[in-house]
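Quick one, fold the following:
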Amino acid sequence: MFRSVLHFSAAALIATLAAFAQQHQPAPRGQKEFAQSCGFCHGDDATGSRGPDLVRSTLVNKDLGGDLIAPVIRSGRPDKGMPALPLSDAAIQDIVAFLHARVLAAAKSSHVGGDYPIERLLTGNADAGRAYFNGAGKCASCHSPTGDLAGIATKYAPLYLEERILAPRARSNTTVTVTTPSGEEISGKLDHIDDFSVSLRDTGGWYHSWPRDRVKVSVHDPLQVHREMLTKYTDTDIHNLFAYLETLK
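Down below sits the predicted model:
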């Protein structure tokens, strides 16, 4: 069970972190900043020294764009011997990007062939998986076993089906609506967003960019619900849900 969960985690991490890593350039800036400010405890490659391995850190793996990492850097963890670091917002974002790049590289290194035997994966209960799909998991609010999921077990090899549970591919790109100080709303495909700026390309292909503190931003990520579920799934939920989806042939 634990081996297959590791495969799930690798797939999920790749999908969750790829966009962030692509939008930032962590090396050499982030790597240098991390080595100078954090390397004496966590190692220059973030795999641990006096302090813990951050590549395997639950907090780092659950972080989205610095929402969890940045507060720890700013405030420290005095109870664990970690001091607060007086770094600029830009330096912190560089460190965040570097850590995500390290986690992404580790996740990509755990590749497993698509012919991984189903006997090692099919350990859940299909009836419990159906109940989770229609109940606590709220999967049925977006998906249908006779609609978009019809025949999905035939369409994908077992390992890839499990991958798509935790790392589904977007049907459409993330979009964003920006409201300017004058009240004008401009929508389009999200190009980039961080604590300082947001940019998009509108339906005509025109590029627009604004400082974040001067506009209102509403992001629509079609996979946001799936990203949120990554911190809610239990091992049992994952195995049961997979067992149920394997019945949809």
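
alpha carbons only for contacts and neighbour counts from here, please
OK.

name the element L161 belongs to?
helix 158-166 (DSSP states H and E).

Quick one: name whatever helix or strand follows that helix.
Following helix 158-166 in sequence, per DSSP H and E, is strand 175-179.

Listing partners with orientation, what would you give for that following strand?
Taking DSSP bridges as the criterion, strand 175-179 pairs within the sheet with strand 185-193 (antiparallel), strand 216-220 (antiparallel).

Go through the helix holding L161 and flag the buried ones.
Using 16 or more other C-alpha atoms under 10 Å as the burial criterion, the residues of helix 158-166 that qualify are P158, L159, Y160, L161, E162, E163, R164, I165, L166.

The nearest residue to V176 once chain neighbours are set aside: how many residues sit nearby?
Nearest residue to V176 in three dimensions, chain neighbours excluded: V219, at 4.3 Å (C-alpha to C-alpha, 6 or more residues apart in numbering). V219 has 15 neighbouring residues, counting by other C-alpha atoms under 10 Å.

One more: the one 3 residues further on?
Using other C-alpha under 10 Å, P222 is surrounded by 15 other residues.

My guess is it contacts T174. True?
Yes - contact criterion C-alpha atoms under 8 Å: P222 and T174 qualify, at 6.5 Å.

quick check, distance from the helix holding L161 to the centre of its chain.
16 Å (C-alpha atoms, centre = their mean, to the nearest Å).

If we only consider the buried residues of helix 158-166, which is nearest to F242?
E162 (6.3 Å; C-alpha to C-alpha).

Could you report the pLDDT at the closest one?
pLDDT for E162: 82.

Am I right that it is in contact with F242?
Yes - using C-alpha under 8 Å, E162 is in contact with F242, at 6.3 Å.

picking that back up, which one of the buried residues of helix 158-166 is nearest to R50?
So of the buried residues of helix 158-166, ranked by how close each gets to R50 (C-alpha to C-alpha), first place is L166, at 33.2 Å.

where do the helices sit along the chain?
Under the criterion DSSP state H, the chain carries helices at the ranges 2-23, 29-37, 39-42, 58-62, 69-75, 89-108, 126-134, 152-155, 158-166, 224-229, 235-245.

Between those, which one is closest to S144.
helix 126-134 (9.6 Å).

Go through the closest one and flag the buried ones.
Applying 16+ other C-alpha under 10 Å to helix 126-134 flags A126, A128, G129, R130, Y132, F133 as buried.
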